[in-house]
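S.K.: Okay, here's the prediction I keep looking at, along with the sequence it came from:
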Amino acid sequence: MSEFIGQFHPLLVHLPIGFLLLASVFRFLLFQGKEQFRETLSIILILSIPSTVFTAITGYILSDGGGYASELVFKHQWSGIALLSLTIVLYVLHFKEVRTSLERVLWIVMLLTLSLTGHFGGGLTHGENYLSLGTDVYERPAITDVEEALVYQDIIEPVLAQKCWSCHSGKKQKGELRLDGKDWILKGGESGQVIAAHKPAQSELYSRLLLDKQDDDHMPPDGKPQPTKEELILIQWWIETGGSFDKKVKDLPKNGQVSLALHSLQPKAEYKRLPKEVKVKEVDLKAMKTLQDFGIAISKVGAESPFLQVSLLGKRLDKKTLESLASLSENIVWFNSGGGSLDSASVEVIRSFSNITELNLSGTTSSSGFQWINNYDNLVVLNLSQTKVSDLDLSGLSKLKRLYVFGSDLNKQKLIQALPKVQIDTGNYVVPTYPGDTTVFRKEDII
Amino acid sequence: MGRRKDLVQEALEAKFQQQTRRNFLKESFMGLGGLALGSFLGSCSSDQKAASSLFDPANPLMAKAPHFAPKAKSVIYLHMAGAPSQLELFDFKPELHKMDGQDCPQSFLEGKKFAFIRGVPKMLGPQAKFAQYGQSQAWVSNYLPHFQSVVDEVSFLKAVTTDQFNHAPAQLLMQTGSARLGRPSMGSWVTYGLGTENQDLPGFVVLTSGGANPDAGKSIWGSGFLPSVYQGVQCRSQGDPILFLNDPEGISRDLRKASIEAINKVNQEEFKEYGDPETLSRIAQYEMAYRMQISVPEVMNINDEPAYIHEMYGTQPGKSAFANNALLARKLVEKGVRFVQLFDWGWDTHGTSEGGSIDIGLVNKCRGSDKAITALLLDLKQRGLLEETLVVWGGEFGRTPMAENREGKPNAFKGRDHHAEAFTMWMAGGGIKKGFTYGETDEIGYSAVSGKVTPYDIQATILDQLGFNHEKLTYEFQGRPFRLTDVEGNVIREILG
């Protein structure tokens, strides 16, 4: 019952705030000589007293339920009481028509107390540093290799931070429980320990997550962000393996389900498709039009982007189109020769694409060879599949991440040794032919 | 002689007809009132329409920029027409096995409608054997022995739902965003938005196999209210790739060129006189058809592919086969075609015949496509194309965990009825997460439990990977902007890499 009454406090507080602000406005009008508002001010002041009293009572009941930082509750409570006393004093002074400078100072003190009480109250509901506009955000640790990740720090803590800390950390301690550190977690809450090592079913930190959402003991409460299936699997696994705070993923045994959940944490081999922090001039639309009229696919990579994608589709360039292409050299980031052959004049232009990130020369021949490629600062993806190239030094491509060499004459072993950080796809995949691929399955074949 | 006179007569009549009607309208617009009206109407709508339309009649298929930098440049959509059984391929349900042969609980039937199931059907356990494969530990059945090796390339959507349980409307919904006829298909929207890389080939190619066109007919690759230049072009893997494209007997290519030039000249005159942009579109189409006469037979010819590639896909040269189409899909994407749509007919396994049963017919449908799909993914991968090509696999709905009992009697073979509440699709390449499963169905695969997605969500995701905000790719028609996803659709962010 007390819990039911207490929850009205955050709602009721807005009444005295409104009344007292309004009262101040009318007191100011009286100060201006507008005597007709005397009675109005009396009514507002009379209303503020019971509403402040009710608010204070519900506030006391709410704080009695616990779960709030006690120091802050103390400040909030006493400033609230001060506010109530001030309101009563001001009412009496108004009733007795005392209008001295001291009375005016008391009005200002009341307004300051009101703001302070409100601020403490805000800190209680929204966290102590609620005014600091998201500067105190939990930063998720980056995982580069899941096997090397720390189970607690890199995998479990981020889940607790996102799904539990809003009520169980330095800000609030609902159920006297904090989950923002090893010692707090091991200490547990008002109903005791939350982790029973090796026994997830008996660990409240895990078992409560599994309860029905309608259940009052379900955590996080209905309506708050819930842990994902993978996160549940990982928390269970963490407790099952002893709830260690310092072990790495590779040190703990795992089943298929856990491997799968861990796999989802492994960062995807990301690569930059567009150069970052590069300023280029606006696209020369006239040059772009010349190329389009020649039948070359050229377009911005996105409507607002200054970068271009070009696909030659094996078309041989003449002098005019080469000039147009050269004038766009710093805008071009994705280039596909689309087979065909490149003469030395074309190569000269293509090698001047200073910001290129993806170069596709699949099936292309070049009268100048291909060594000129080893010259791009931003190149991330290089496709040399189906090219007649047998030896190539690519050590100058510092940002290269992916290389396709299927069907080329390059020595793949040598390449893999020379470029250890590059993901090299040598292709030649085989799909074997099974007896079933060429025969018809019949009724008699059912086992 | 008489015939020639008739022709002249006809031309004159046509001219007079045009002159009387058109001239009248033209002259009235020349009048002061007409001018005022024209500018008044102009300020109402046409400017806005011009600004929102991506259609450039003089060059309708020119490569265009999407809204933002895309992950994928092209799409290969493998539509298994008829709806494959998710319960025999990907959605492993051991609980259903335990219920095999029991009466279907009433709770699954109350308030539900089925295409053929009547009364109380029996539950039907999975007919295939399942195991987990790859690093991602994805469940795949023994019906797909090749696909098992590439599960780490794909993202499965295990809880796709739809609101249509008959083939034609469900196919239309999946491909055009509406269960009724008349909307542009996904490939049309994409070529409308992006144009195409190769001006000598259609931007949107459709390849069919399995012996029949999809139930919804050719309108599922139609352009609806979008300009007709964006409709899918059906190419055949047997005979002439595109019908009515080759020169008639006795007409040489030079003569063809001369006649197209003459027609275009007449059209140019027409455009000068009336200024109708569709005339320019017509000119562009004539020119494209002329170029396609050479380039299409070239790209549609799989014979010059090396033997190991044929071996890899399991092609059947000279025949109409899914494997040939899969290889063609790779060739077309490599040549800059924007959207390649494959329809493979024959996955409708009700159990009314041996070919339409889930323990015999379905095995053969899998045998006819499993190797080719696996080869397609690996071939795209080794050429660096999988990074920029989005591959989508799926049917139009799923199949029931109950055995079908047409007219209340058990069917002759093992089969399942149409089921709209849960089925599996997968996507690969083009910026989709590798080795991932999203969505779950209940213990018997009857309905979606989590990660539920709709055809609109799939369409929104495809457009997103191509660089489009699906809510902004619109076309003004009948006084309002239309879009592929209508008023629905959420990008399935969970499966984006």
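M.R.: Cool, the structure landed. Numbering: from 1, shown residues only, chains lettered A, B, ... in the order given.

S.K.: Near the residue in chain A that chain B sits nearest to, how many other residues are there?
M.R.: With Cβ to the nearest Cβ as the measure, A:Gly427 is the residue of chain A nearest to chain B, at 2.9 Å. In short, each C-beta sits where N, CA and C put it, glycine included. A total of 19 residues lie near A:Gly427 under the criterion other Cβ atoms under 10 Å in any protein chain shown.

S.K.: The one 10 residues further on too?
M.R.: Neighbouring residues of A:Asp437 were enumerated by other Cβ under 10 Å; the total is 17.

S.K.: what does B:Lys129 give?
M.R.: 10.

S.K.: Distance of it relative to chain A?
M.R.: Using Cβ to the nearest Cβ, to the nearest Å, B:Lys129 is found at 10 Å from chain A.

S.K.: Give me the phi and psi angles of the residue in the stretch 251-400 of chain B that chain A sits nearest to.
M.R.: Nearest residue of the stretch 251-400 of chain B to chain A: B:Gln382, at 2.9 Å (Cβ to the nearest Cβ). Main-chain dihedrals, B:Gln382, degrees, to the nearest 10: phi -70, psi -20.

S.K.: And for the one 10 residues further on?
M.R.: For B:Val392, the backbone dihedrals (degrees, to the nearest 10) come out as phi -120, psi 130.

S.K.: Run through the bridge partners of the nearest residue to it once chain neighbours are set aside.
M.R.: Take B:Val392 and drop its neighbours on the chain: the residue closest to it by Cβ to Cβ, 6 or more residues apart in numbering or on different chains is B:Tyr77, 4.8 Å away. Beta-bridge pairing for B:Tyr77 (DSSP bridges): B:Gln341, B:Val392.

S.K.: OK, contacts around B:Tyr77?
M.R.: B:Tyr77 is in contact with B:186-187, B:339-342, B:391-392, counting by Cβ atoms under 8 Å, 6 or more residues apart in numbering or on different chains.

S.K.: Same check on B:Ala65?
M.R.: A:299-303, A:305, B:467.

S.K.: Equivalent analysis for B:Pro317, please.
M.R.: So B:Pro317 contacts B:302-303, B:310, B:324 (Cβ under 8 Å, 6+ apart).

S.K.: any idea how far A:Gln32 is from the residue of chain A most remote from its centre?
M.R.: Largest separation from the mean C-alpha position in chain A: A:Lys96, at 59.4 Å (Cα atoms, centre = their mean). Applying Cβ to Cβ, to the nearest Å, the value for A:Lys96 to A:Gln32 is 21 Å.

S.K.: Based on its surroundings, how many neighbours for the residue nearest to A:Leu22 when sequence neighbours are not counted?
M.R.: Using Cβ to Cβ, 6+ apart and skipping residues adjacent in sequence, the residue nearest A:Leu22 is A:Ile44, 5.5 Å away. Number of residues near A:Ile44 (other Cβ under 10 Å) recorded here: 22.

S.K.: In the stretch 251-400 of chain B, where is pLDDT below threshold?
M.R.: Under the criterion pLDDT under 70, no range of the stretch 251-400 of chain B is flagged.

S.K.: cool, the stretch 201-350 of chain A as well?
M.R.: Checking the stretch 201-350 of chain A against pLDDT under 70 turns up A:267-271.

S.K.: how about a cut-off of 90?
M.R.: A:212-217, A:221-230, A:243-244, A:246, A:250-280, A:293-295, A:303-304, A:313-317, A:338-340 (pLDDT under 90).

S.K.: Would you map the helices across it?
M.R.: A:204-210, A:229-240, A:256-263, A:285-293, A:319-327, A:344-350 (DSSP state H, counting those that start in this stretch).

S.K.: Please, which helix or strand holds the residue nearest to A:Leu22?
M.R.: helix A:38-64 (DSSP states H and E).

S.K.: Give the buried residues for that helix.
M.R.: Across helix A:38-64, burial judged by 16 or more other Cβ atoms under 10 Å in any protein chain shown covers A:41, A:44-45, A:47-49, A:51-52, A:54-56, A:58-63.

S.K.: Show me which residues of the stretch 251-400 of chain B sit near chain A.
M.R.: Within the stretch 251-400 of chain B, the positions lying close to chain A (Cβ under 8 Å from any Cβ of the partner chain) are B:311-314, B:334-336, B:354, B:359-360, B:363-364, B:367, B:370-371, B:374-375, B:378-379, B:381-384, B:387.

S.K.: List the contacts of the nearest residue to B:Phe322 once chain neighbours are set aside.
M.R.: Nearest residue to B:Phe322 in three dimensions, chain neighbours excluded: B:Ser209, at 4.3 Å (Cβ to Cβ, 6+ apart). B:Ser209 makes contacts with B:237, B:320-322, B:324-325, B:342-345, as judged by Cβ under 8 Å, 6+ apart.

S.K.: Of those, which qualify as buried by neighbour count?
M.R.: B:237, B:320-322, B:324-325, B:342-345.

S.K.: Where helices are concerned, which of the residues you listed count?
M.R.: B:322, B:324-325 (DSSP state H).

S.K.: and which of those residues is nearest A:Leu359?
M.R.: B:Asn325 (30.4 Å; Cβ to Cβ).

S.K.: ok, now which ones touch the closest one?
M.R.: With contact set as Cβ under 8 Å, 6+ apart, B:Asn325 has these partners: B:207-209, B:237, B:342, B:344, B:372.

S.K.: Quick check, pLDDT for residue 7.
M.R.: No chain in the question, so chain A it is. You'll see A:Gln7 listed with a pLDDT of 83.

S.K.: ah, I was thinking of chain B
M.R.: At B:Leu7, pLDDT is 77.

S.K.: same deal with the one 4 residues further on?
M.R.: Among the per-residue scores, B:Ala11 shows a pLDDT of 78.

S.K.: Could you do the one 3 residues further on as well?
M.R.: With respect to pLDDT, B:Ala14 scores 73.

S.K.: count of residues packed around residue 404?
M.R.: Here I'm looking at chain A. 27.

S.K.: not quite, I wanted chain B
M.R.: 28.
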